[in-house]
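[1] below: sequence and its predicted model.
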Amino acid sequence: MVDVKKFSDIDIYGLLEVDIAATEQEIRKAYRKKALQCHPDKNPDNPKAAQLFQELSKALEILMDVSARAAYDRLLNAKKAAQLRTKQLDSKRQKLKADLEERERQAKEAASGGYKTASSKTPEELFQEEFKRLRKEGSKLIQEEQELMRRQLQEELRMMQTATAPSWDPAQHRIKIRWKADRGDAANGGYTEDVLRKFLSKYGDLNALVMSPRKNGSALVEFRAKDAAEMAVTFEKGRLDNPCTLEWVGEAPTKGKAKATASGGSTITERDYESLVLRQLRQAEERKRLIEQMMKEEAEAEGETTAQ
């Protein structure tokens, strides 16, 4: 928690690197620039950064509140005036001055029966009251600013992931699945679309899965994420009594880290930005393309067999 005494002793305008006459817009801009640099999410192992972030947030809260800023400005001006006067006094006169101020303070308290009126309170006392008021009330402004900052950091992370991750086009890296099944086998060797989905979905989300409409023992699948597709090709064997093989249609993708995790563990994925309806439409389109590709390949295979 930020200490009120500390804020009575520091230059808040200097902390934010703005002029004392800065507008609210200028103060917000300065806060966002400095707070992003020391945000705890960017500096998880730096306790000083977390403390500075809290101080910046409290400074913004004070300067964006009209009453609190006025109280702070009075305190700041009083301290500057006192520093100027002190420079002009020698050590002996400073002692006399301190004694005089203490006697004046005691006289004022006695005259008011031990209670201080607003007019008799020092600028520092008035500022401390405003500070405590803000702490008690809480600040919707700070919550909004920190939420905005959180979204900015997420966007920066997403952009970094996009910039560093190799491109992945699921449509260019489909997988063909084969297993043994006689032409007239109604059970299709023990494989159905539901059976294949059960085997494959443990690696990640599927864009589409299509059973061959013309012959048994064949299917095409398209995974959403690269690492899911790679794991399926490497590890999946299907049924123990009738294993299947998975191989890339065309060239295998280059090795590298995918943009998103197979299980959706990342907080920033394509699914965060897609509605369910759009996902379903896209899956339907992918399924249609897979069927067309499978039909074409099987027709070409039959043509080669006939030619032989």
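    Perfect, thanks for sending it. Numbers count the residues shown, from 1 in each chain.
[2] quick one, helices of the protein?
    Remark: helices assigned in the chain by DSSP state H are 4-9, 12-16, 24-37, 47-63, 66-87, 91-111, 123-137, 140-164, 193-200, 226-235, 276-307.
[3] now the shortest one: mean pLDDT?
    If I follow you right, that is helix 12-16. The average pLDDT within helix 12-16 is 91.
[4] same thing with the fifth one?
    The pLDDT scores in helix 66-87 average 83.
[5] the third one too?
    Taken as a whole, helix 24-37 carries a mean pLDDT of 90.
[6] next: the first one.
    This predicted structure assigns helix 4-9 an average pLDDT of 67.
[7] in JSON lines: the helices of the chain, plus distance to G184 and mean neighbour count.
    The C-beta positions use only the backbone N, C-alpha and C, and glycine is treated the same way. JSON lines is the format used below for these (distance: least, C-beta to C-beta, whole Å; neighbours: other C-beta atoms under 10 Å):
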{"stretch": "helix 4-9", "distance to G184": "85", "mean neighbour count": "14"}
{"stretch": "helix 12-16", "distance to G184": "80", "mean neighbour count": "18"}
{"stretch": "helix 24-37", "distance to G184": "67", "mean neighbour count": "16"}
{"stretch": "helix 47-63", "distance to G184": "70", "mean neighbour count": "19"}
{"stretch": "helix 66-87", "distance to G184": "85", "mean neighbour count": "14"}
{"stretch": "helix 91-111", "distance to G184": "106", "mean neighbour count": "11"}
{"stretch": "helix 123-137", "distance to G184": "79", "mean neighbour count": "16"}
{"stretch": "helix 140-164", "distance to G184": "50", "mean neighbour count": "13"}
{"stretch": "helix 193-200", "distance to G184": "19", "mean neighbour count": "15"}
{"stretch": "helix 226-235", "distance to G184": "29", "mean neighbour count": "19"}
{"stretch": "helix 276-307", "distance to G184": "17", "mean neighbour count": "13"}
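[8] tell me which of those helices lies nearest to G250.
    Closest to G250 of the helices of the chain, according to C-beta to C-beta: helix 276-307, at 10.6 Å.
[9] which of the helices of the chain has the lowest average pLDDT?
    Taking the mean pLDDT of these, helix 276-307 comes last: a mean of 61.
[10] how is the protein divided into domains?
    Split into domains by the TED database, the chain comes to 4-64, 170-248.
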